[in-house]
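Asks: Got a predicted structure here, sequence first:
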Amino acid sequence: MAAPPAVMAEVKSVPERLDNGVQAPPLHPLPHNDLFKGNKVQPEVLRLHLLKEGKITEDDVCRLCKDAMAAFRAEPNIIKLEGNVNIVGDIHGQYYDLMKVFEIGGKVEEVPYLFLGDYVDRGTFSCEVVLYLMALKSTHPKKVFCIRGNHECRALTRTFNFKNECLHKYSMRVYDAFMDVFDTLPLCALLDAKFLCCHGGIGPSFHTLEDINRIDRFSEPPEAGPMCDLLWADPTPDEDDEVQAKPFTPNTTRGCSYLFNSKAALRFLKDNQLLSIVRAHEAQKEGFKMHKKDPENDFPAVITLFSAPNYCDVYKNKAAILKYQNTLINIRQFKQTQHPYCLPNFMNVFTWSLPFVGEKMSQFLSDALLMADLDAEFEDDGSAATSKAFSASEKDERRRQIKAKVKAMAKFVKTYEASRLNNEELIHLGGLADRGITQHNMSAEARAKLMSLVQNDEETEEAFLAARSLDSLNEKRPMMKKQ
Ligand SMILES: [Mn+2]
C-alpha cells in the first residue's frame, strides 16, 4: 500500500479556500452593441473582453469571419509591403503573449504588422488569437497582414487542439467559419522587394515569385507542391548543410515537403533578386535564428522567427519579433506572460479527478475485502455456531471466492493508478500532450531523463532540446483521411 502523505495539509472550509485574487470569466457573451459601433467592430473592447476569458456570440464570430475574409480574399498570393513593419512568427494560441507582442512592437495604428502564420493549435487561446487578429484586420486592412501557416487547415486543427477548443468554447459552426477564413489567407509577403516572408520556406516545385502568384490558394493546402512547400519546408540544419549535396531533401520530420540547404536558398534569392527569406515554423531557444550567411554580402540567407515564448508551457524558450525600421533589422526578444490554466485537452476537473477517486475507492474496497477475509478466519476459530454452519469444503470455497474478489479489486486499483499517473504526466507535458505523446516509442530510461529535464524549472539549452525531442512526434503532418 502506498505510504500516506507525510504531512496532512491544514483543512480549510470551502469559503476559505476560494481565491479572491482570481476573477471569474464574464458570464455572458459580449453584447453585440458593445462589440460593434454602427457597422464597425471595436478591437479594443474585444481585446479586453477576451483577456478576461470572455466570449462573444456565435453570430458575431461569424460576422467577424465574414469581414476578415473579404479583406484577405482581396489580397494577392504575395502581399507587397514597403517601409517599416513588425514581423511576428508563430503564436500558437498564446493570446496573453500576443498582448506582449503589441506592448513591445507598438500599436497597430503606429506601425504595420506582418504575421507569419500558425495562429492556432498547441496553446489554449487560439479562438481569442484569431478573433482579435480578425478584428484588427477588418479595422486596419492596410496595417495588419496575416499569411497562412501550416496549422491553418482542417487536417492539423482536427488532430491538434484547435477544433476541440472551438467545440469547447463555441460550436462546429464557428469552427467551419474559421476554416473558411483560413482558406483565404495569402501565402507570403514581399518586403521592400528584398525579403520574401513566408511560414515554412522554399521547395523544388517553384522557382520564381511569378510561380507563387500562379497558385490557386483558396483551398485546404495540398500534401505536395508549391503551396505545401511555402507552408511546410524547413532549412537544412546548419550542422548538416555542408554535407548535404542535394539542394532539396525530403523532410522526414514533417512527413511532407523538403529541407532546403543554403545553396538552394541562395539560388532562389539570386534568381529573384532578393536578399533574404524571413520565415517562422520552428521553435528557437532565443526566439530567432540567423541562418548561414551569403558569402557575397555577409547577410543571412534565411532568418527564422518564433514568437511563442515557453512554447506549449514546456520549451522554456524566449520569443522574438523582428522590427524592420528604416531598412534596419532589430530583433526584440521577450519572455512568457502568465496565462489562465487549462487542463490538457480542455478536460474538466471532474473527468480529470476520476482516476484519482477511482483509485482511492477501489483501494478502500480492496482493504475492506481483506478485512472480511480475516474476519472469516477469526469466526472459524472462535465461534462454534459458524463451525457448525460451514463444512470444511464450504470454508475452502468461501476463501477461494474472497481471494478471487481481492485479486479482482487489486486489478481495479492498478488500472486506476495507471490512469492517475498518466493524468499527472499529462499535466507536466502541458501542450505536448495533445497528440498522444504518451505513446512515444522510446526507452523508459531515455523518457525519464527527458521528463526530468522538462519538469525542471531551469531555462537551459538542454531543457529546450529535451522538450523538442519529446515533441518531435508532433511535428509530423497527420495522415490525410481519405474522403
Ligand atoms: Mn508551423
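Replies: Structure's in. What do you need?
Asks: ok, now how distant is whatever residue of the chain ends up closest to the ion from Asp216?
Replies: Closest residue of the chain to the ion, CB to the ion: His281 (3.9 Å). To be clear about C-beta, it is placed using only N, CA and C from the backbone, and glycine gets the same treatment. With the distance defined as CB to CB, to the nearest Å, His281 ends up 23 Å from Asp216.
Asks: between the two, which one's more packed in?
Replies: His281 (26 against 7; other CB atoms under 10 Å).
Asks: Model confidence at the more buried one, what's the number?
Replies: pLDDT for His281: 97.
Asks: what's the answer for Lys476, then?
Replies: 82.
Asks: and if you look at Phe356?
Replies: For Phe356, pLDDT reads 91.
Asks: what do you get for Asn423?
Replies: Taking Asn423 on its own, its pLDDT is 84.
Asks: go on, Leu98?
Replies: Model confidence at Leu98 (pLDDT) stands at 98.
Asks: Which elements pack onto the helix or strand harbouring it?
Replies: In this structure, Leu98 sits in helix 95-105 according to DSSP states H and E. The contact analysis (3 or more CB pairs under 8 Å, 6 or more residues apart in numbering; DSSP states H and E) places helix 95-105 against helix 43-51, strand 85-88, helix 126-139, strand 319-325, strand 328-334.
Asks: Would you mind pulling the contact partners of the first one?
Replies: In this structure, residues lying in contact with helix 43-51 by CB atoms under 8 Å, 6 or more residues apart in numbering are 26, 30, 34-35, 56, 95-96, 99, 125, 128, 131-132, 135-136, 139.
Asks: can you rerun that using 7 Å?
Replies: 26, 30, 34-35, 95, 128, 131-132, 135-136, 139 (CB atoms under 7 Å, 6 or more residues apart in numbering).
Asks: Okay, and Leu156 sits in which element?
Replies: Here Leu156 is assigned to helix 154-159, by DSSP H and E.
Asks: pLDDT averaged over that helix - what is it?
Replies: Helix 154-159 comes out at a mean pLDDT of 94.
Asks: and what of stretch 259-268?
Replies: So the average pLDDT for stretch 259-268 ends up being 95.
Asks: Contacts for stretch 239-258, please.
Replies: Outside stretch 239-258, the residues that reach it (CB under 7 Å, 6+ apart) are 200, 203-204, 223-224, 228-229, 232-234, 236, 259-264, 267, 292, 472, 475-477.
Asks: number of nearby residues for the residue lying closest to Trp232 once chain neighbours are set aside?
Replies: Take Trp232 and drop its neighbours on the chain: the residue closest to it by CB to CB, 6 or more residues apart in numbering is Ser257, 3.7 Å away. Ser257 has 27 neighbouring residues, counting by other CB under 10 Å.
Asks: Against Gly201, how distant is Ser257?
Replies: 8 Å.
Asks: Met99 too?
Replies: 29 Å.
Asks: Of these two, which one has the most company?
Replies: Using other CB under 10 Å as the criterion, Met99 and Gly201 rank with Gly201 on top: 28 against 17.
Asks: For the stretch 1-150 of the chain, give me the ranges with low pLDDT.
Replies: Residue ranges of the stretch 1-150 of the chain with pLDDT under 70: 1-9.
Asks: What count of nearby residues applies to Val14?
Replies: 6.
Asks: try Gly431
Replies: 27.
Asks: any idea whether it is helix, strand or coil?
Replies: helix (DSSP: H, G, I helix; E, B strand; the rest coil).
Asks: And it, how far from Leu50?
Replies: When distance is defined by CB to CB, Gly431 is 19 Å away from Leu50.
Asks: ok so, going back, mutual contacts of Ser257 and Gly201, please.
Replies: With CB under 7 Å, 6+ apart as the test, Ser257 and Gly201 both reach 229, 233.
Asks: Could you list the residues of the stretch 151-300 of the chain in contact with the ion?
Replies: His281 (CB under 5 Å from the ion).
Asks: What segments of the stretch 151-300 of the chain are helices?
Replies: 154-159, 162-169, 172-182, 209-213, 226-232, 238-241, 262-271 (DSSP state H, counting those that start in this stretch).
Asks: how about the fifth one as PDB, C-alpha atoms only?
Replies: Which is helix 226-232. What follows is helix 226-232 as a C-alpha-only set of coordinates in PDB (Å, rounded to 0.1, in the frame of the first residue of the first chain):
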ATOM      1  CA  PRO A 226       4.400  24.900 -54.100                       C
ATOM      2  CA  MET A 227       1.700  25.800 -51.600                       C
ATOM      3  CA  CYS A 228       2.700  22.900 -49.400                       C
ATOM      4  CA  ASP A 229       6.400  23.900 -49.500                       C
ATOM      5  CA  LEU A 230       5.700  27.500 -48.700                       C
ATOM      6  CA  LEU A 231       3.800  26.300 -45.600                       C
ATOM      7  CA  TRP A 232       5.900  23.300 -44.500                       C
END
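Asks: now it: how far from the chain's centre is it?
Replies: 20 Å (CA atoms, centre = their mean, to the nearest Å).
Asks: before we move on, what about the longest one?
Replies: Computed by CA atoms, centre = their mean, the separation of helix 172-182 from the middle of its chain amounts to 18 Å.
Asks: circling back to that earlier point, determine which stretch of the helices of the stretch 151-300 of the chain is the most buried.
Replies: helix 226-232 (a mean of 24; mean count of other CB atoms under 10 Å).
Asks: got a list of contacts for it?
Replies: Against helix 226-232 from outside (CB under 7 Å, 6+ apart): 148-150, 187-188, 198-203, 205-206, 211-212, 215, 217, 221-222, 251, 254, 256-258.
Asks: can you tell me which residues contact the residue nearest to the spatial centre of the chain?
Replies: The chain has Arg122 as the residue nearest its centroid, 0.9 Å off, counting by CA atoms, centre = their mean. Arg122 is in contact with 92-93, 160-161, 312, 431, counting by CB under 7 Å, 6+ apart.
Asks: 8 Å - rerun?
Replies: Contacts of Arg122 by CB under 8 Å, 6+ apart are 92-93, 160-161, 308, 311-312, 431, 434.
Asks: show me where pLDDT drops low in the stretch 201-350 of the chain?
Replies: Looking at the stretch 201-350 of the chain by pLDDT under 70, you get an empty list.
Asks: Quick one: the strands in it, in order.
Replies: Under the criterion DSSP state E, counting those that start in this stretch, strands of the stretch 201-350 of the chain are mapped to 234-235, 248-250, 258-260, 276-279, 288-290, 293-294, 299-300, 302-305, 319-325, 328-334.
Asks: So which elements touch the last one?
Replies: Counting contacts by 3+ CB pairs under 8 Å, 6+ apart, the secondary-structure elements packed against strand 328-334 are helix 95-105, strand 319-325.
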